[in-house]
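Engineer: build the 3D model from these lines:
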Amino acid sequence: MVFALLAGVLIALTVGNPFGAHTSRVARTLLSLSVIGLGAGMDLRVVAVVGFHGLGYTALTIGAALGLGVVLARVLRVPRTVAILISVGTAICGGSAIAAVAPAIGAGDEDTSIALVTVFLLNAIALVVFPLVGHVVGLGQADFGLWSALAIHDTSSVVGAASHYGPQALAVAAAAKLARALWIIPVTIAASRLAPRGGPVAPAPRRPWFIAGFVVAAALATYVPSLTAIGQRVASLAHYTLGATLFLVGLGLTRPALKRLGARPLVMGVALWLALASATLAAIVGLR
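Structural biologist: Sure thing, here's the model as predicted:
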C-alpha cells in the first residue's frame, strides 16, 4: 500500500499525470469497490463479541480523536476535507477509513493523497516504536494488543506490531481492530452529511451506498458458510485493488496542492496521533 501510493506521488511530482481526469474517476470507483471487498473478509460474530467488550474504549477514543481533530484543524488552519480524512484515518483504521470516507465527502485526489501519506508515514513509525514502548512500560500481551488496536492506524500495521509482541497480543489486536473498523459505517454516513458541498477542487459528495455493500458482503461471508472461503479471497483481492487505487490516488497529487497546504496536515496528523496513543496508553496502564 505504502509503495503503491508513494510510486504514484513520485510520478505525479516528477513527470506529471496527463490523464488526471480519467485516473481520478477510476480511482473513486475502485475505492468504493475495494471497501465493499474488504467487508467480505470480516467475521461479524467475532467482531461483535470483541467489540462489545471494548465498546467503551472504542467509542470514547473515536469520539475524542474526531473532536480533537476538529480543534487541531481550526488551530492549524487545515482545509476541512483534509482534516476530516486525517481525523477519521486516525480515529478508526487508517487507509481503509480514508478510502471509505473520501468518496462520501467528495474529496479530491490531492486531499486524499495528502491524508494517506500522513497516515502511512505514522504507520511505519508505529511498527517500530510501539513494541519498544510496550516493553519499556511493561505491558502484557493482552494490554499491548488492545493498545495497538486503539492507537495504530491501519489493520496491517496493528497486526505487524502485535505479531512481534506475541501470539496473545496478535489475537486481541486483530479482533479489536476489526470491531473498530465497523465504525467506518456510521462515521462515513455522518461525514457525508457534514462535508462541504463540493467546490473548485473537490467534486460534490456522493451518498455512501458502498457502505451497504460493505455490510452485506460481511454478513454473507459470516452467515453463509459456503461463502466464507470465497469471502476471504474477495478480501484478499480487495487489498490488491486498494493498492492499485492508492497508486492512482497518488497520481492526483500536484505540486500546487503541496505548496498550498504546506506542512500543516502532517503536523495535525502527528499531534492527533500522539495525543491518542498517549491517552490510551495511560488509560490501559492505569487500569492494570
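Engineer: low pLDDT regions in the stretch 51-200 of the chain?
Structural biologist: Low-confidence segments of the stretch 51-200 of the chain, defined by pLDDT under 70: 51-56, 156, 194-200.
Engineer: quick one: the helices in it?
Structural biologist: Listed from the start of the chain, the stretch 51-200 of the chain has helices (DSSP state H, counting those that start in this stretch) covering 55-76, 80-88, 94-105, 109-137, 141-151, 155-165, 167-181, 184-194.
Engineer: out of those helices, which is closest to Asp43?
Structural biologist: helix 167-181 (7.6 Å; C-beta to C-beta). Every C-beta, even on glycine, is put in place using the N, C-alpha and C of the backbone.
Engineer: report the angle between the closest one and helix 109-137.
Structural biologist: Helix 167-181 and helix 109-137 are oriented at 150 degrees to each other (axes from the mean of the first three to the mean of the last three C-alpha atoms, to 10 degrees).
Engineer: which strands and helices sit next to helix 167-181?
Structural biologist: For helix 167-181, the helices and strands in contact under the criterion 3 or more C-beta pairs under 8 Å, 6 or more residues apart in numbering; DSSP states H and E are helix 44-53, helix 55-76, helix 141-151, helix 155-165.
Engineer: would you turn the helices of the stretch 51-200 of the chain into JSON lines with mean neighbour count?
Structural biologist: What follows is the helices of the stretch 51-200 of the chain, written out as JSON lines (neighbours: other C-beta atoms under 10 Å):
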{"stretch": "helix 55-76", "mean neighbour count": "16"}
{"stretch": "helix 80-88", "mean neighbour count": "27"}
{"stretch": "helix 94-105", "mean neighbour count": "28"}
{"stretch": "helix 109-137", "mean neighbour count": "21"}
{"stretch": "helix 141-151", "mean neighbour count": "26"}
{"stretch": "helix 155-165", "mean neighbour count": "22"}
{"stretch": "helix 167-181", "mean neighbour count": "22"}
{"stretch": "helix 184-194", "mean neighbour count": "17"}
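Engineer: would you format those as TSV with distance to Phe3 included?
Structural biologist: Shown next, in TSV, are the helices of the stretch 51-200 of the chain (distance: least, C-beta to C-beta, whole Å):
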stretch	distance to Phe3
helix 55-76	27
helix 80-88	20
helix 94-105	13
helix 109-137	10
helix 141-151	23
helix 155-165	13
helix 167-181	22
helix 184-194	24
